[in-house]
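*Asks:* Provided below are the primary sequence and the corresponding predicted coordinates.
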Amino acid sequence: MVLNELGQSIAKALEGIKTANTIDDKVLDACLKDICTALLQADINVKLVMKLRTNVKTRANNADKGAGLDKRKIIEKAVVDELIAMVDSGGDVKTVELKKGQSNVIMFVGLQGCGKTTTASKYGAFHKKKGFKPALVCADTFRAGAFDQLKQNASKTQIPFYGSYTETDPAIIAAQGVEKFKKEKRDLIIVDTSGRHKQEEALFEEMRQVAESVQPTLVIFTMDGSIGQAAFDQAKAFRDSVEVGAVIVTKMDGHAKGGGALSAVAATQAPIAFIGTGEHMDEFERFEAKAFVGRLLGRGDWKGFVNKIQDAVPEEHMQEDMMKDIGKGNFTLRILYEQLANIQKMGPVSQVMSMIPGLSNSTMFDQGNEKESARRIKGFMTIMDSMTNKELDSNNPKLLTEPSRMVRISQGSGRHPGEVTALLTEYQRIRTMIVGSGKHPGMMKNMPRAM
Ligand code: GDP
């Protein structure tokens, strides 16, 4: 993901502050210069970049006035806060209000090629995992092949669909589809509408007609993140034409302009609800400004991670007990095993790992080498398969280091003793980070809120 490079540059600039002996204007200016250059290269609007610069400088200067204040921390926090503000629209995402069992009608709008049809299906699949009963209606009569594409995605995700090869009026198809699925008690009826190559009155008129005929609960505007700053005008034009309740920015994978698009959409105060991060159905995630910036800078975010687990694992498989256990300060090997099993279901390992504080630098993960990371995880899980219940459920890490146990586990699992030691070392490290050691509190203090 190219955005990672932006995150790395900013993190590196902040490192400069941390390692400097004293923080004078020269050090701060050099740090801000690097951050601003990185942001401009990522296509962030120059006015927003300058605003960040001014605000961070003001907060740093204020820190000088207060005796005993840790200037490093203040600057670091100011940069993070400003980055969050840059991608946070502050808008009210209506998506969270959808209620199961009611006939929610969601209308997707956007320009042609932005990823609307793909995203409509991803959105259906996402909510299916959450226990909704989605259905897809193809009201795109403008683009040849739109219905076939929707049918294909719908079959892949096993979501019922409706469309017509002969009817040419999108408002009629939309109304027929919505009526059919309402009768079938589907509670998330997703209507995919036509796009156009550019914003034009014919498109907006058609959108209004479809909206009139289906009376949507929520209109979702989908836009292509690779257009960068141009997203501002597009988001504004759509918001001015229809009542957009949420925005989804697609193609955030591997595109340098993704940051520009996010900040531009946020500047229109349109609430960004999700981002698309690839062509596959599960490359789709909720967007939260704080979690996004945390990951960008290589810092974990518990809330983002817990959300990711909840989104990836179907509701009936959610291990609430496990989450409660971690919340209480128990972190056993069984919990680590279950976490690793979840990570395997969640898609790209590195992406998931970057959400867990401290785990992005785990020896389990070979950065940028998904296959190798998956292989290491599998190896660790095989070792844990050879452990007894007592070992898996022990909250006493010393028990595991008894040599006789380690030899037995190594022989039983057929893995090299060095690998067993590596697993236990890694477990200890993660455990200390989460539960804390005698001297230092772990991350538990943040957990209950995140839960
Ligand atoms: P529509 O014309 O707006 O309905 O767009 P489509 O759904 O047909 O998508 C256009 C192209 O963008 C297709 O090749 C999709 O696979 C691709 N696409 C959609 N979303 C994403 C995404 O998040 N990342 C990437 N890389 N490609 C995407």
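*Replies:* Thanks, I have the structure now. Residues are numbered from 1 along each chain as shown.
*Asks:* When you work out contacts or count neighbours from here on, use the C-alpha atoms and nothing else.
*Replies:* OK.
*Asks:* Tell me the secondary structure at the spatially most central residue of the chain.
*Replies:* Closest residue to the average C-alpha location of the chain: Glu285 at 4.2 Å, with Cα atoms, centre = their mean. Secondary structure for Glu285, judged by DSSP: H, G, I helix; E, B strand; the rest coil, is strand.
*Asks:* mind listing what it touches?
*Replies:* 274-277, 308 (Cα atoms under 8 Å, 6 or more residues apart in numbering).
*Asks:* Which stretches in the stretch 151-300 of the chain count as strands?
*Replies:* 161-162, 188-193, 218-224, 246-250, 272-276, 284-286 (DSSP state E, counting those that start in this stretch).
*Asks:* most tightly surrounded among the ones you listed?
*Replies:* strand 188-193 (a mean of 29; mean count of other Cα atoms under 10 Å).
*Asks:* helices or strands next to that one in the packing?
*Replies:* With contacts defined as 3 or more Cα pairs under 8 Å, 6 or more residues apart in numbering; DSSP states H and E, strand 188-193 has these neighbours: strand 104-109, helix 116-129, strand 134-139, helix 170-183.
*Asks:* what about that strand and the ligand, touching?
*Replies:* No: Strand 188-193 stays clear of the ligand (Cα under 6 Å from any ligand atom), getting no nearer than 8.0 Å.
*Asks:* likewise stretch 269-286?
*Replies:* Yes: counting by Cα under 6 Å from any ligand atom, the ligand is contacted by stretch 269-286 at 276-279.
*Asks:* Quick one, which of the helices and strands packed on strand 188-193 gets closest to the ligand.
*Replies:* helix 116-129 (3.6 Å; Cα to the nearest ligand atom).
*Asks:* mind checking how far the closest one is from the chain centre?
*Replies:* How far helix 116-129 lies from its chain's middle: 15 Å, per Cα atoms, centre = their mean, to the nearest Å.
*Asks:* cool, stretch 182-194 as well?
*Replies:* Distance of stretch 182-194 from the chain centroid (Cα atoms, centre = their mean) equals 25 Å.
*Asks:* Could you give the average pLDDT over it?
*Replies:* Here stretch 182-194 scores 95 as its mean pLDDT.
*Asks:* And for stretch 82-98?
*Replies:* 74.
*Asks:* With stretch 402-422 instead?
*Replies:* 89.
*Asks:* That one spans what distance, first to last residue?
*Replies:* With Cα to Cα, to the nearest Å applied, stretch 402-422 spans 14 Å between its terminal residues.
*Asks:* Which strands or helices does the host helix or strand of Thr425 pack on?
*Replies:* Using DSSP states H and E, Thr425 sits in helix 417-435. Applying 3+ Cα pairs under 8 Å, 6+ apart, one finds that helix 417-435 contacts helix 370-385, helix 403-413.
*Asks:* is stretch 196-210 anywhere near the ligand?
*Replies:* No: Stretch 196-210 is not in contact with the ligand by Cα under 6 Å from any ligand atom; minimum separation 8.4 Å.
*Asks:* Show me how the record splits this structure into domains.
*Replies:* Domains of the chain are assigned by automatic domain parsing as 2-87, 94-296, 302-450.
*Asks:* picking up where we left off before, I'd like to know which of the helices and strands packed on strand 188-193 lies nearest to Thr37.
*Replies:* Among those, the nearest to Thr37 by Cα to Cα is helix 116-129 (32.5 Å).
*Asks:* Now do the closest one and strand 272-276, the angle between them.
*Replies:* 110 degrees (axes from the mean of the first three to the mean of the last three Cα atoms, to 10 degrees).
*Asks:* okay, the angle between helix 116-129 and strand 188-193?
*Replies:* Using the same axes, to 10 degrees, helix 116-129 lies at 180 degrees relative to strand 188-193.
*Asks:* ok, of the strands of the stretch 151-300 of the chain, where does mean pLDDT dip lowest?
*Replies:* strand 284-286 (a mean of 87).
*Asks:* Include distance to Glu5 and mean neighbour count when you put the helices and strands packed on helix 417-435 into JSON lines, please.
*Replies:* Listed next are those as JSON lines, based on distance: least, Cα to Cα, whole Å; neighbours: other Cα atoms under 10 Å:
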{"stretch": "helix 370-385", "distance to Glu5": "18", "mean neighbour count": "18"}
{"stretch": "helix 403-413", "distance to Glu5": "39", "mean neighbour count": "16"}
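*Asks:* out of those helices, which comes closest to the ligand?
*Replies:* Closest among the helices and strands packed on helix 417-435, using Cα to the nearest ligand atom: helix 370-385, at 17.7 Å.
*Asks:* Tell me which other helices or strands that closest one touches.
*Replies:* The helices and strands touching helix 370-385, judged by 3+ Cα pairs under 8 Å, 6+ apart, are helix 333-345, helix 349-353, helix 403-413, helix 417-435.
*Asks:* and the chain, which of its residues are near the ligand?
*Replies:* Close to the ligand, as judged by Cα under 6 Å from any ligand atom, the chain has residues 111-118, 250-253, 276-279.
*Asks:* quick one: low-confidence parts of the stretch 101-250 of the chain?
*Replies:* 197-199 (pLDDT under 70).
*Asks:* 80 - rerun?
*Replies:* 144, 196-201 (pLDDT under 80).
*Asks:* swap in the stretch 301-450 of the chain?
*Replies:* 301-331, 335-336, 338-371, 373, 395-401, 429-450.
*Asks:* quick one: contacts for the residue nearest to Thr421 when sequence neighbours are not counted?
*Replies:* Nearest residue to Thr421, sequence neighbours excluded (Cα to Cα, 6 or more residues apart in numbering): Met406, at 7.8 Å. Contacts for Met406 (Cα under 8 Å, 6+ apart) come out as 400, 417, 420-421.
*Asks:* now swap in Gly7 and tell me
*Replies:* Applying Cα under 8 Å, 6+ apart, the residues near Gly7 are 296-298.
*Asks:* What is the nearest of those to the ligand?
*Replies:* Using Cα to the nearest ligand atom, the contacts of Gly7 come closest to the ligand at Leu296, 17.4 Å.
*Asks:* That closest one contacts Asn4, correct?
*Replies:* Yes: counting by Cα atoms under 8 Å, Leu296 touches Asn4, with 5.8 Å between them.
*Asks:* Between these two, point out the one with more neighbours.
*Replies:* Leu296 (21 against 17; other Cα atoms under 10 Å).
*Asks:* So Ser410 sits against Val420, correct?
*Replies:* Yes: judged on Cα under 8 Å, Ser410 makes contact with Val420 at a distance of 6.4 Å.
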